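Trainee: sequence plus the predicted model coming up.
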Amino acid sequence: MNKNKFQIPNLPLPAPLLGSDAGSFTEFTVTQRMPDIARRVIVENQFSTDINQSLEELAAELPSGYLRPLTNDSGVDFHDWKRYLELYKHQRWVDVPWFFAETYFYRLILNITNYFQPGALPGIDPFLLQKVQGLEAAVNSIISLCSQVEKWLNESQQEGKPSKSSLIALLYFALWGNRVDLSLWSAFEDDRSSFDIQTQLNNILIDDSFAVTKLLTKSQNNRIDFVIDNAGFELICDLCLVDFLLGSGFANQVYLHLKPHPTFVSDAMIKDVLYTQDFLVKSSHPPVQSLGKRLTENLVSGRLVLAEDYFWTSPLAFWEIPISLKDELGKSNLMIVKGDANYRRLLGDRSWDFTTKFADIVSYLPAPMVALRTLKSEVATGLKAEVILELANTDPSWLTNGQWGVIQLIS
Ligand SMILES: O=P(O)(O)OC[C@H]1O[C@](O)(CO)[C@@H](O)[C@@H]1O
């Protein structure tokens, strides 16, 4: 990889996605999904009448109203947001870049619900109920996945070398775990955690998983940086992947990059990893408990490190990453970037032609990177024209229904 050669994509930037794109999923999100999410916060929490009224006002202003300023709530990122907002003063929610609209919407929910009030107590996570429910609903899938991982780890240890096929299977689990997304499908709807890996293979549009195993066997003492997406079952899949990477010898150290505050409903924070650890350790099912134990050991020994940064909740494109974080990621042998929103950040949430070479866009990255993403928004790269045509004919909502995935490696 050509380190730090380009600060921004190696191509002219196309327009950002906007909520005003008529008939688009972005329009549907800003005018309908986001208001629904704000109203769900009212129903699922016991906030005061004033707070609920303010959340309702936010919900009502999204379809055709204007961005409101952010009042100083003593959040660490308040001054950054003031700067970001300068660009979009007096504009309507539907007219600003979609990524900006979504990240600001979640930041405003925290502002309204007093998340950053000074004091010793941590703020209330307005999406906690959804996150907890997301985990509990997937118990059966969690038990079978943990049993499977234990088997794969034992096999790798008996064979004296890490098993590539087990790693590939866990990459698939991590990929399809991303289908479970509480901003799109509430935790109170169907449990989307059960899937058949084999039948899902046909739905992987680009599959570089074998190349990932080759990359990780090239050198020893690999450091992996995992940009995490959702809490709940997806996080369990990711933790199983991490467990196997560390336990089988594919990696020596793993950093999890987490959100510093609640966002996109189910995005994972450090406290969600610790909650999940507790959930695993207290399980009455031995393989689940064992995963919890190994997770604890890895945290204690420092082989697994939990990190957070306000960049991950900002409206910035990936190429606008602060230099200190970029330098940190530059130490990695492989970055794993999970999920749809992180993928959108990689692309600056812009309308690239779907056939554009992924490598030409993410040419700014400081280390090799694999994106594990199920498609939930109208951006894509690296696809063949005939594949796009066929998908458009056979599954008109293929870009947003979460049924299609990519494992795209840039090395
Ligand atoms: O959890 P993920 O995979 O990042 O998905 C979140 C994404 O899904 C959506 O909810 C639908 O596109 C977006 O708002 C966001 O890009």
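Mentor: That came through, no problem.

Trainee: could you use CA atoms for every contact and neighbour count after this?
Mentor: Fine.

Trainee: please name the residues that touch Ser74.
Mentor: Counting by C-alpha atoms under 8 Å, 6 or more residues apart in numbering, Ser74 makes contact with 116-118.

Trainee: apologies, that question was intended for Glu297.
Mentor: Taking C-alpha under 8 Å, 6+ apart, one finds nothing in contact with Glu297.

Trainee: using the three-state scheme, assign Tyr106.
Mentor: What DSSP: H, G, I helix; E, B strand; the rest coil gives for Tyr106 is helix.

Trainee: next, count neighbours for the closest residue to it other than its chain neighbours.
Mentor: Spatial nearest neighbour of Tyr106, chain neighbours left out: Thr263 (5.4 Å); criterion: C-alpha to C-alpha, 6 or more residues apart in numbering. Thr263 has 25 neighbouring residues, counting by other C-alpha atoms under 10 Å.

Trainee: again with Ala307
Mentor: Neighbourhood size, Ala307 [other C-alpha under 10 Å]: 15.

Trainee: so, low pLDDT: which residues of the stretch 151-300 of the chain?
Mentor: 180-199 (pLDDT under 70).

Trainee: can you do 80?
Mentor: 179-200 (pLDDT under 80).

Trainee: all strands of it, in order?
Mentor: 204-207, 223-227, 253-258 (DSSP state E, counting those that start in this stretch).

Trainee: let's see if you can find the most crowded of the contacts of Ser74.
Mentor: The most crowded member of the contacts of Ser74, judged by other C-alpha under 10 Å, is Phe116 (20 neighbours).

Trainee: for the nearest residue to that one once chain neighbours are set aside, give me phi and psi.
Mentor: Spatial nearest neighbour of Phe116, excluding adjacent residues (C-alpha to C-alpha, 6+ apart): Gly75 at 5.3 Å. Here is the backbone geometry of Gly75 (degrees, to the nearest 10): phi -70, psi 140.

Trainee: I'd guessed Gly75 sits against Leu110; true?
Mentor: No: contact status for Gly75 versus Leu110: not in contact, 9.4 Å apart, counting by C-alpha atoms under 8 Å.

Trainee: tell me the residues that contact both of those two, please.
Mentor: In contact with both Gly75 and Leu110: Phe116, using C-alpha under 8 Å, 6+ apart.

Trainee: neighbour count winner among the two?
Mentor: Leu110 (22 against 18).

Trainee: separation between that one and Phe78?
Mentor: To Phe78, Leu110 is 12 Å away according to C-alpha to C-alpha, to the nearest Å.

Trainee: now Leu201
Mentor: Counting by C-alpha to C-alpha - Leu201 and Phe78 are separated by 44 Å.

Trainee: these two: which has the busier surroundings?
Mentor: Neighbours were counted for Leu201 and for Phe78 using other C-alpha under 10 Å; Phe78 has more, 17 against 13.

Trainee: out of everything not next to it in sequence, what's closest to the more buried one?
Mentor: Per C-alpha to C-alpha, 6+ apart, closest to Phe78 is Asn72, 6.4 Å.

Trainee: any idea how far the residue nearest to Tyr106 lies from the ligand?
Mentor: Separation of Thr263 from the ligand (C-alpha to the nearest ligand atom, to the nearest Å): 10 Å.

Trainee: so that residue sits against Tyr104, correct?
Mentor: No: taking contacts as C-alpha under 8 Å, Thr263 lies outside contact range of Tyr104: 9.6 Å.

Trainee: give me the most central residue, this protein.
Mentor: The geometric centre of the chain, computed from its C-alpha atoms, lies nearest to Asp229 (C-alpha atoms, centre = their mean), at 2.3 Å.

Trainee: Tyr343 is in contact with that residue, correct?
Mentor: No: counting by C-alpha under 8 Å, Tyr343 is not a contact partner of Asp229; they are 10.3 Å apart.

Trainee: now do the same contact list for Asn252.
Mentor: Contact analysis of Asn252 by C-alpha under 8 Å, 6+ apart lists 220-223, 246, 303.
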